[in-house]
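How does the following fold in three dimensions:
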Amino acid sequence: MKRHLPYALAVLAVAALQGCGSSNEDELREWMAQLRATTRPHVTPLSEPKRFQPENYLVDGSADPFNQTKLTQALRRDSAQVASNATLIAPEMARRKEPLEAYPLDAMAMVGSLNKNGVPTALLKVDNLIYQVRVGNYLGQNYGKITRITETAVQLREIVQDATGDWMERPATLDLQEGKK
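Just a heads-up that it's a prediction; the model follows:
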């Protein structure tokens, strides 16, 4: 008798649960069918697209943008200006290099910033070491000089050579690396 008691209780529990589960499924299906029959979606029709009217180009005697003599003069004027600027922009070769100038910018990560006595200071991580830098410090392999430090970025001016060998300035930014460790 004790052996059959668990089976008898299981059969009794299933029978009791069967009675509790009165099915409202038929009611639900009927209600859904009624809603589908009475509800009509309303979609507003799209307006007719406007017809494209191309604008006619009228030549009114203004300057020809492809005039060869004007292009040549502009190129000569620009090259003369670049030549005069090339002597003004050049890296300071005589100064002593700072430690962070041995690393490229993509090997550096800004990990924080702070203010020391009102002077903004950035924290840069290079080779798992943290360096403090200020405005005026040099970093990177392209003669980069820090021009501005904010809470989220270090802005610097690099001096690089262009294809013709002339020196030119190029802005660069190291952004704060949030979440990187």
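
Please make it C-alpha for all contacts and neighbour counts, starting now.
Fine.

So, low pLDDT: which residues of this structure?
Within the chain, the segments meeting pLDDT under 70 span 1-2, 18-23, 61, 79-87, 179-181.

residue boundaries of the helices in it?
5-20, 25-38, 68-88 (DSSP state H).

I'd like those helices as a markdown table, with distance to Pro104 appended.
What follows is those, written out as a markdown table (distance: least, C-alpha to C-alpha, whole Å):
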| stretch | distance to Pro104 |
| --- | --- |
| helix 5-20 | 73 |
| helix 25-38 | 67 |
| helix 68-88 | 24 |
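
As CSV, these with distance to Gln132 and mean neighbour count would be great.
Shown next, in CSV, are the helices of the chain (distance: least, C-alpha to C-alpha, whole Å; neighbours: other C-alpha atoms under 10 Å):
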stretch, distance to Gln132, mean neighbour count
helix 5-20, 72, 10
helix 25-38, 69, 10
helix 68-88, 30, 12
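
Ok, which of those comes nearest Leu105?
Comparison of these against Leu105 by C-alpha to C-alpha identifies helix 68-88 as nearest, at 24.0 Å.

before we move on, the earlier item: so which of the helices of the chain is nearest Val135?
Closest approach to Val135 among the helices of the chain is made by helix 68-88 (21.5 Å; C-alpha to C-alpha).
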